[in-house]
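S.K.: Just the structure for this:
(chains A and B)
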2 protein chains.
Amino acid sequence: MTFRLTMLGSASALPVVGEYPTACVINSHEQFFLIDAGEGVQKQLIRYNIPLHKLNRILITHLHGDHVFGLFGLVSTMGLIKREQPLHIYAPAALEELMSSMGIFFDLLPYKIEHHPIESARAETIFENKTLTITTIPLKHSVPACGFLFKEKTPALNVSKAAIANHSLSLHEICAAKRGEDIVRADHTLPNSMLTYRPYSPRSIAYCTDTAYSDTIVEAVRDVDLLFHEATFACPDSTRAAMTDHSTATDAAMTALKANVGRLVIGHFSSRYKGDNTPLLEEARKIFPQTYCAAQGEVFDVKLKH
Amino acid sequence: MTFRLTMLGSASALPVVGEYPTACVINSHEQFFLIDAGEGVQKQLIRYNIPLHKLNRILITHLHGDHVFGLFGLVSTMGLIKREQPLHIYAPAALEELMSSMGIFFDLLPYKIEHHPIESARAETIFENKTLTITTIPLKHSVPACGFLFKEKTPALNVSKAAIANHSLSLHEICAAKRGEDIVRADHTLPNSMLTYRPYSPRSIAYCTDTAYSDTIVEAVRDVDLLFHEATFACPDSTRAAMTDHSTATDAAMTALKANVGRLVIGHFSSRYKGDNTPLLEEARKIFPQTYCAAQGEVFDVKLKH
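M.R.: Down below sits the predicted model:
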């Protein structure tokens, strides 16, 4: 039961030779979700073996070019390889209109694009299946932007083999126990808690870019196992960070610390650091030791917790 | 006096890890012209040291994504690095409308984009300066498409130092000779041809993608020094080439042979060859030995001819 973040890049708006714009894939139980689609994202998906035919949902944090300009190529390529199933795109509403105006590129696609407009100003659940919910996290940026919280649902109860054997549970009783019921027999009652267990504790990954530091984020990502938080700038460039509604490595680490997250991944690095992001990592680790640098191809697995 | 083609990629529509979509820069006397702008082109420009502040003209052959989707990022980046001078884009008319509809990305650019619509159905001169003309070449593709012929103008006459010394030419006479006039003196006439020479013969580069084989192209590129011609497919895939309005390596080589060009560069290779384009090169060289494979970063200089 995979729950994994794969980074496809860690650059910010200005292009960096050898890196790609910040984007990632979250694999939740072999369902793949792409977050953001900067230029070259389709190549990164291929490079890191993300199966395009299993990529059915794309989430866009906000409509700045370094998070969007790779979407058009990816959508076209999915057409060229004869995709048939619908592609779901969750993004600020203006994207749908924009893509409609690009009809010369997309009118002949052999599959349907389903647009799901995001209202970035407030948290909302934008996706839900048996095992997962995705909720938006309002961010603080120069344009409407939101992060995403991927949270496993509490798994169904399992009935322990020992309980089945010790109490000779019938099929009917096992089903009742799985539903959380106590088993009431003629002479005694077996409390549900004695028979069942949760196979694992729900895991969570949050992804926040682009944003300045925000207490709202701290609350939204409280106790997540893995937090990606942008750290475009180092602390000495905090004025620049404030001017552009971005975070420093310190901001990202403070968010992680206050929110009591498991691990922090920082990325969306400014090109001014020329690919040497060690100072940003060191800055963050002084505050939050479990910090890691995003880089294309880095994989962060969240292990099952029993 | 540089006259140079630099390839920025050689791939076609489907993305190839390790290659970029077919595009090139032509450097004519230190003026830079980008032809086509597939995804990642801005990174390739940086990688191959093309000075963005000297790139003032972008030519788009046709409106398929692998020739256009990198334009948006490049235009944005030019804004981020505070470009001020206008950027001229020569492309089918629909591009201007498309970019207008992408206002959320381009409304705040600190420079002006001048759109020059191309009517791909007939040859027209779209650019001219002191040393160069650029003329379109109608191509045969599934959508309106044109190639480009870059042709140096015949340079002004130089007056030979020997002639000046031997005939004690006055400043007035030198100017007249430079204008092509004979020098008429009281007792004799000095014919212009005895005094002057052309410093070099005009050079030419033609760039043709995407297209099926066409006799029109042969005529348009007759005697050029350097021809880029797409060769998306190898001869065994000629049915596929015909169905998609593309050329085989044989088509490209036949065009070069019939048109008596100096050298042929082939590119826009289908991803089915997985980056091993040797068979396409061998196929073309059997017909036209002076054939070379395009690959990102390959530079083809056209030397001065005296």
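S.K.: May I have stretch A:234-245 exported as CSV, CA atoms only?
M.R.: Provided in CSV are the C-alpha atoms of stretch A:234-245 (Å, rounded to 0.1, in the frame of the first residue of the first chain):
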residue,chain,number,x,y,z
ALA,A,234,17.6,31.6,2.1
CYS,A,235,17.1,33.7,5.2
PRO,A,236,19.5,36.5,4.0
ASP,A,237,17.1,37.0,1.0
SER,A,238,14.0,37.3,3.3
THR,A,239,13.2,40.7,1.9
ARG,A,240,13.0,39.3,-1.5
ALA,A,241,10.9,36.5,-0.2
ALA,A,242,8.4,38.9,1.4
MET,A,243,8.2,41.0,-1.8
THR,A,244,7.4,38.0,-3.9
ASP,A,245,5.1,36.1,-1.5
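S.K.: Buried residues of it, list them for me.
M.R.: Using 16 or more other C-beta atoms under 10 Å in any protein chain shown as the burial criterion, the residues of stretch A:234-245 that qualify are A:A234, A:D237, A:S238, A:A241, A:T244, A:D245. For the C-beta atoms, the positions are set from N, CA and C on the backbone; glycine is no exception.
S.K.: Helices - which of those residues land there?
M.R.: Judged by DSSP state H, helices contain the following of the buried residues of stretch A:234-245: A:S238, A:A241, A:T244.
S.K.: can I get those residues in JSON lines with pLDDT and distance to chain B?
M.R.: Compiled in JSON lines, these are given as follows (pLDDT from 0 to 100; distance: C-beta to the nearest C-beta, whole Å):
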{"residue": "A:S238", "pLDDT": "97", "distance to chain B": "20"}
{"residue": "A:A241", "pLDDT": "97", "distance to chain B": "16"}
{"residue": "A:T244", "pLDDT": "96", "distance to chain B": "11"}
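S.K.: Which of the residues you listed sits closest to A:K178?
M.R.: Using C-beta to C-beta, A:A241 comes nearest to A:K178 of these, at 50.7 Å.
S.K.: hang on, the closest one packs against A:A252?
M.R.: No: judged on C-beta atoms under 8 Å, A:A241 makes no contact with A:A252 at a distance of 10.6 Å.
S.K.: if we can go back for a sec, sort out which one of the buried residues of stretch A:234-245 lies nearest B:T135 for me.
M.R.: A:T244 (44.3 Å).
S.K.: Which of the helices or strands spans the residue located most distally from the centre of chain A?
M.R.: Centroid-distance maximum for chain A: A:D187 at 50.3 Å, with C-alpha atoms, centre = their mean. A:D187 is part of no helix or strand when elements are defined by DSSP states H and E.
S.K.: just A:A13 next, same as before
M.R.: Applying DSSP H and E, one finds A:A13 in no helix or strand.
S.K.: which stretches of the stretch 101-250 of chain A form helices?
M.R.: Taking DSSP state H, counting those that start in this stretch to define them, one finds helices in the stretch 101-250 of chain A at A:103-106, A:161-166, A:171-178, A:192-195, A:215-220, A:238-244, A:249-259.
S.K.: And the closest residue to chain B within chain A, its phi and psi?
M.R.: Proximity of chain A to chain B (C-beta to the nearest C-beta) peaks at A:S101, 3.7 Å away. Phi and psi for A:S101, reported as degrees, to the nearest 10, are phi -80, psi -10.
S.K.: Tell me, how many residues neighbour it?
M.R.: A:S101 is flanked by 15 other residues according to other C-beta atoms under 10 Å in any protein chain shown.
S.K.: list the contacts for it?
M.R.: The contact partners of A:S101, taken as C-beta atoms under 8 Å, 6 or more residues apart in numbering or on different chains, are B:L98, B:S101, B:M102.
S.K.: Export the residues you listed as a markdown table, with columns for pLDDT.
M.R.: Below are the contacts of A:S101 laid out as a markdown table (pLDDT from 0 to 100):
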| residue | pLDDT |
| --- | --- |
| B:L98 | 95 |
| B:S101 | 93 |
| B:M102 | 94 |
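S.K.: wait, which of these is closest to B:H167?
M.R.: B:L98 (61.2 Å).
S.K.: The closest one: how many residues sit nearby?
M.R.: Neighbour count for B:L98, taken as other C-beta under 10 Å: 21.
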